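> Need a 3D model of the sequence below.
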Amino acid sequence: MTKGMKMTRRRALTTIGAALAAPAFIRHAHAAEVTLKLHHFLPAMAPIQSSFFEIWAQELSDASGGAIELQIFPAMQLGGKAPQLVDQARQGIVDIAWTLPVYTPDRFPVAETMALPFMVTSAEQTSVAMDTLMREYGMAEYRGMQPLAFHTHAGGKLHTRGKPITSKADLSGMRIRAPNQSTGNMLSALGAEVVFFPVTEMVVGLSNGVIDGCCLPYEVVPAYKLQELTEFSAAPAPGARGLYSNTFALVMNERSYEGLSDDLRKVIDDHSGPALSQRLGAAFDRFEAVGKGVVEKNGNDIVEIPADQIAEWRGAAEPVVAEWQKKLDDKGYDGAAIIKRANELLDQG
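Have a look, this model is predicted:
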């Protein structure tokens, strides 16, 4: 055997030895061992897709040496309607779903608590608060699923056509699409004619005149071109809490999670939990700034709801909060403790 042949043989043996010593998910870096399907309801152009989920998918792939492939299906491409997402994850129709608890009212009452009126500061702070609240009180709501993150968006605004909303009087008789049951109850108490349907149906509602406006954060506006369907946006004066924030859950089918190898389950664990909840909240604060920029660029009028009006609106929300507390009590929770804790967590920021 020549000297060159000996060197080649030693290199080959060294390479084989290194490969055998490496973890399985590193050895098979070019062939995914697990393909996970993530289903959500927003269009592919929504920032949650390109600016978060696609990045998260790459992180899972990198951390697993390519063993985990996350396929993302936006706009309900795998079928069904947005309120069915949580059951798609629970039943194993999809591996992971990003969904809103409020789309199945009263089913996840602890998760819905942060969707009460005026229960939001920044999206990041409120997401941290929600994640903590869920881990302290609400994980049993998600039996059969592996919760990966809980978060909220930034505080909602009122986007209308015809006139801006800066007072209770302005709301009288306005047909407003409410984002959730609790906010809808408050808007009804303030004189609005409230309707509710998923965000995916809102463009049609505005286009055909079924509604005069909607209550949403700025971040949703570009995805549905709502800046072209409305003329005014109204938000509470600086320093006040937001009108509302919807809550979100990123959940994984329990069998899909438990079926992973220990190494790959650790990758999921390392890229989920409180840190992911905080990242999602921070991302939604960034998305909010971008959405507001789109509204401004379109020339829509942005107005403030004065502090004295917000104080009156918060008074109108008190019966809504009291009713929610009773609902929590009726379901076996300590409603007063949960609502008090939610407010404490928000005030800590």
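> tally of neighbours for P83?
The local packing count at P83 equals 16, with neighbours defined by other C-beta atoms under 10 Å. For every residue, glycine as well, the C-beta is placed using N, CA and C.
> Renumber starting at 14 from here on
Got it, the first residue is 14 from now on, which makes the last one we talked about P96.
> quick one, what contacts it?
Shown here is P96, whose contacts under the criterion C-beta atoms under 8 Å, 6 or more residues apart in numbering are Y116, T117, P211.
> How many neighbouring residues does the first one have?
I take that to be Y116. By other C-beta under 10 Å, 19 other residues sit near Y116.
> Is it in contact with A95, as I believe?
Yes - in terms of C-beta atoms under 8 Å, Y116 counts as a neighbour of A95; the distance is 5.6 Å.
> Mutual contacts of the two, please.
Once C-beta under 8 Å, 6+ apart is applied, the residues that Y116 and A95 both contact turn out to be P211.
> Ranking helices and strands of the chain by mean pLDDT, which lands last?
Ranked by mean pLDDT, DSSP states H and E, the weakest helix or strand in the chain is helix 37-40, scoring a mean of 34.
> What pairs with the very next helix or strand once past that helix, parallel or antiparallel?
Secondary structure here is assigned by DSSP states H and E; on that basis, the next helix or strand after helix 37-40 toward the C-terminus is strand 47-52. According to DSSP bridges, the neighbouring strands of strand 47-52, each with its direction, are strand 81-86 (parallel), strand 109-112 (parallel).
> Quick one: list the elements packing against whatever helix or strand comes next after the shortest one.
Scanning forward in sequence from strand 109-112, with DSSP H and E defining helices and strands, the next element found is helix 122-126. Here helix 122-126 touches helix 136-146, strand 260-266, helix 320-343, helix 348-360, going by 3 or more C-beta pairs under 8 Å, 6 or more residues apart in numbering; DSSP states H and E.
> Any chance you could list what contacts helix 122-126?
With contact meaning C-beta under 8 Å, 6+ apart, helix 122-126 is reached by 114-115, 118-119, 132, 143, 146-147, 150-151, 154, 163, 193, 195, 260, 262, 337, 340-341, 344, 346, 351-352, 355.
> which residues touch the closest residue to I106 other than its chain neighbours?
Excluding its sequence neighbours, the residue lying closest to I106 (C-beta to C-beta, 6 or more residues apart in numbering) is L91, at 7.3 Å. When contacts are counted by C-beta under 8 Å, 6+ apart, L91 touches K50, H52, Q101, I106, V107.
> go on, F163?
Taking C-beta under 8 Å, 6+ apart as the criterion, F163 is in contact with A124, S140, M143, D144, M147, T260, F261, A262, L263, S290.
> Surely the third one touches H164?
Yes - with contacts counted by C-beta under 8 Å, M143 reaches H164, the gap being 6.5 Å.
> At the geometric centre of this structure, which residue do we find?
Taking C-alpha atoms, centre = their mean as the criterion, F261 is the residue nearest the geometric centre of the chain, at 3.6 Å.
> Now it. Nearest residue, chain neighbours left out?
The spatial neighbour of F261 that comes closest, neighbours along the chain excluded (C-beta to C-beta, 6+ apart), is H164 at 5.2 Å.
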